[in-house]
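> Model the following, please.
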Amino acid sequence: MNKDFTFTIKNICLNENYHPSDNTRITTNFANLARGESRQQNLRNTLKMIDNSFNALASWDNPKGDRYSVELEIISVDIDIEDSGQTFPSIEVLKTNIIDHKTNERIEGIIGNNFSSYVRDYDFSVLLSDHNKGQSKFSIPDSFGELHGNLFKYFVNSTTYKQHFKKPPVICLSVSDNKVYHRTENQHPLLGFEYQPNESSLTEQYFKKMGLQVRYFMPPNSVAPLAFYFFGDLLNDYSNLELISTISTMETFQKIYRPEIYNANAVAGNCYQPNLKNQDHSLTQIVYDREERSKLAIKQGKFAEEHFIKPHQTVLEQWSANYAL
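Now for the predicted structure:
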């Protein structure tokens, strides 16, 4: 069965005037910031943190530390399964663009960065939860993540993707607090020291089904490693400025959402286990409700089940079983 699904791409600037659309997952990092009384100040402070971080890393020919600023676009991808004109919000990612104020040049950055997906919410918050109800030992359902992974690979290899973006995506996540990371001797000038985990995580396995490899690096000026998920060769496929745009954007988000790890007062050592109960950390001046976010993930997983998984189950299962690049 060689069925074509249709993708539609929409983009909106993430600036201090941003308001989440009705189709945006409200657990998404940037949407969570853009709510409530502090929304405009939250966004303004976040964007300033990103620019400061970028200039600190891109310090060459930048004596005042103000040569660059980062513009962010939210890229929303809708999918039409039955060629009916009815679409479902498939994934949402961020795209960075770099403004060089010295040359007045606008440089394309990296697509990916933040990653959100209703189907991933379904997999983790509904399917995985239901599978383990009443079980004494945690286990993973057969073919867990395969549909989501195949849809993602299909999108990245689609004509629609290639018409909009020059390079494959890079997704940057926080490290897992139940793994131990060991620093290696490998050091990159911008990504910093490479770390290796003691074992694979469920997130790693899930992203592997999306076709993505992972490497862990702690950039200069950072206090903990970040997880970089990518296709190809992370160190050689992207320019210095492209890599810096992802580091500065995603580390800023992690400082807000995971201050116990990324805004800790002590730097990760040679052997490092992240700790979300770490009290020795600083808070940013940015308001964020982490507890609300985890509750919303379940709601959004159920939304995906009701509006995407169940109505199209037969078509999706047949397509995924026969999917091959």
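
> Secondary structure element holding the residue sitting nearest the centre point of the chain?
The residue lying closest to the centre of the chain (Cα atoms, centre = their mean) is Asn114, at 2.5 Å. Applying DSSP states H and E as the criterion places Asn114 in strand 105-117.

> coming back round to it: excluding its backbone neighbours, what's nearest the residue nearest to the centre of the chain?
Leu94 (4.5 Å; Cβ to Cβ, 6 or more residues apart in numbering). For the C-beta atoms, the positions are set from N, CA and C on the backbone; glycine is no exception.

> Could you report the separation of that neighbour from Ile74?
With distances taken as Cβ to Cβ, to the nearest Å, Leu94 is found 6 Å from Ile74.

> Ok, Gly192 next?
Gly192 is 27 Å from Ile74, by Cβ to Cβ.

> Could you do Val223 as well?
28 Å.

> got it, and Asp123?
Applying Cβ to Cβ to Asp123 and Ile74 gives a distance of 22 Å.

> likewise Pro220?
Using Cβ to Cβ, Pro220 is found at 28 Å from Ile74.

> quick one, which of those two is more surrounded?
Ile74 (22 against 15; other Cβ atoms under 10 Å).

> Check for me that the more buried one belongs to a strand.
Yes - assessed by DSSP: H, G, I helix; E, B strand; the rest coil, Ile74 belongs to a strand.

> State the pLDDT value of it.
The score at Ile74 is 90. That number is its pLDDT.

> in the sheet, who's paired with it?
Counting by DSSP bridges, Ile74 forms beta bridges with Ile12, Leu94.

> Quick check: it touching Ile9?
No - contact criterion Cβ atoms under 8 Å: Ile74 and Ile9 do not qualify, at 11.0 Å.

> neighbours around Gln163, how many?
8.

> if I look at it, how far off is Phe7?
10 Å.

> same thing with Thr46?
29 Å.

> With neighbour numbers in mind, choose between these two.
Neighbours around Thr46 and Phe7, counted as other Cβ under 10 Å, are more numerous at Thr46. The numbers are 24 against 20.

> Retrieve the pLDDT associated with that one.
pLDDT at Thr46 comes out at 87.

> And Ile99, by the same measure?
At Ile99, the pLDDT value in this model is 97.

> Which strand or helix spans the closest residue to Ser59 other than its chain neighbours?
For Ser59, ignoring the flanking residues on the chain, the nearest one in space by Cβ to Cβ, 6+ apart is Gly65 at 7.2 Å. According to DSSP H and E, Gly65 maps onto no helix or strand at all.

> Quick check: Gly65 touching Phe54?
No - contact between Gly65 and Phe54 fails when scored by Cβ under 8 Å: they sit 9.6 Å apart.

> can you map out the strands along the stretch 1-150 of the chain?
6-14, 68-80, 88-100, 105-117 (DSSP state E, counting those that start in this stretch).

> Compare those and report which one is nearest to Gln40.
strand 6-14 (12.7 Å; Cβ to Cβ).

> So which bits of that closest one are buried?
Within strand 6-14, the residues that count as buried by 16 or more other Cβ atoms under 10 Å are 7, 14.

> Could you measure from Asp4 over to Gly149?
Taking Cβ to Cβ, one finds Asp4 at 18 Å from Gly149.

> between the two, which one's more packed in?
Legend: neighbour count by other Cβ under 10 Å for Asp4 and Gly149, higher for Gly149 (24 against 10).
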